[in-house]
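A.B. asks: here is the input, now give the coordinates:
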Amino acid sequence: MTGDSRGNISIGDSLLIGDFLDAIWMEKGLSANTQESYRRDLSQFALWLAGCGRDLISADAALIQDYLNDRLQARLSSRTAARFLSCLRGFYRYLLRENRLSENPLALIDNPKLSPSLPKSLTEADVEALLAAPDTDDPIGLRDRTMLEVLYACGLRVSELVGLTMSQINLRQNVVRVMGKGSKERLIPMGEEAAAWLQRYFCEARPILLNNLPDEVVFPSARAQLMTRQTFWYRIKHWASVAGIQKDLSPHTLRHAFATHLLNHGADLRVVQLLLGHSDLSTTQIYTHVAKLRMKQQHAEHHPRG
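C.D. replies: Below is the predicted model of the structure:
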């Protein structure tokens, strides 16, 4: 059976969706964005069901499968389909628990298999070109070069980098103290190269950018204020263009490169986990896939029988 999106959601479906969202907000404290995503997914499904003359309570496994097939034919990604199914499972579990339903229509429907989403990374040559792009005779250029060096040396999140304060940097021991997600503190070695750039930046550029005013922020904007993530992202894109890097970079690209290059050179996965501040090792394991993919590419490129 195939439906369309013409028609309106019934008042009953609208109330069910609202009750479900209120319940999970109370139980899990979901963010406003997640709640809106759930509302949109369920409303689209209810609208499709209305085109079939059915509603959320009367939907069965065959209808749900038809809906998924329709969405997949419309080029819905398997990851988005998995998110929708996760939302739908929670919704029907809620209905069962509230005795509004006697049987779970998703009991025999499996989640689509997902291939790991590999983060975009840069080669070591790309990183060297990016680092060399800023004009370090200019205070802004020297600041940007230092930021790139620290980002690549420490694998920081962009929010951690732009929010750095002077008290978080110890140039005697060449370490950075970072407060990451979940208010978890970690100490990260930065290496001599990044430390040397910081020392030069503190002497030559930072006082100029701050107009010699006292401030704790390490990397002020051109207006002597705390730099935003968006501003730094613009700076990375600018220097990537100067360096001739054609890849589509993300705000985390140098963090990904940091992890991948460490593993390529034999670093232990758990050490990389600690440096990145991941609470779960499985989050870090994605970088082993990146490292293996790079290894295969190198083999194919350089081995005489590759």
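A.B. asks: and after the helix or strand where Glu128 lies, which helix or strand comes next?
C.D. replies: In this assignment (DSSP states H and E), Glu128 forms part of helix 124-132. Going down the chain from helix 124-132, the next helix or strand is helix 139-154, by DSSP H and E.
A.B. asks: return the set of buried residues in that next one.
C.D. replies: 139, 141-154 (16 or more other Cβ atoms under 10 Å). Every residue, glycine included, has its C-beta placed from N, CA and C.
A.B. asks: what's the closest of these to Arg54?
C.D. replies: Nearest to Arg54 among the buried residues of helix 139-154, counting by Cβ to Cβ, is Leu151 at 52.2 Å.
A.B. asks: now do the contacts for the closest residue to Leu198 other than its chain neighbours.
C.D. replies: The shortest distance from Leu198 to any residue other than its chain neighbours is 5.9 Å, reached at Thr146 (Cβ to Cβ, 6 or more residues apart in numbering). Taking Cβ atoms under 8 Å, 6 or more residues apart in numbering, we find Thr146 in contact with Ala194, Trp197, Leu198, Arg200, Tyr201, Ala205, Phe219.
A.B. asks: what sits against the second one?
C.D. replies: I take that to be Trp197. Counting by Cβ under 8 Å, 6+ apart, Trp197 has contacts Arg145, Thr146, Glu149, Val150.
A.B. asks: what about whatever helix or strand Phe84 lives in, distance to the chain center?
C.D. replies: Per DSSP H and E: Phe84 is located in helix 78-97. Taking Cα atoms, centre = their mean, to the nearest Å, one finds helix 78-97 lying 22 Å from the centre of the chain it belongs to.
A.B. asks: that one - contacts with which helices or strands?
C.D. replies: helix 11-28, helix 32-51, helix 61-73 (3 or more Cβ pairs under 8 Å, 6 or more residues apart in numbering; DSSP states H and E).
A.B. asks: select, out of those, the one closest to Phe91.
C.D. replies: It is, among the helices and strands packed on helix 78-97 and with distance given as Cβ to Cβ, helix 11-28, at 5.3 Å.
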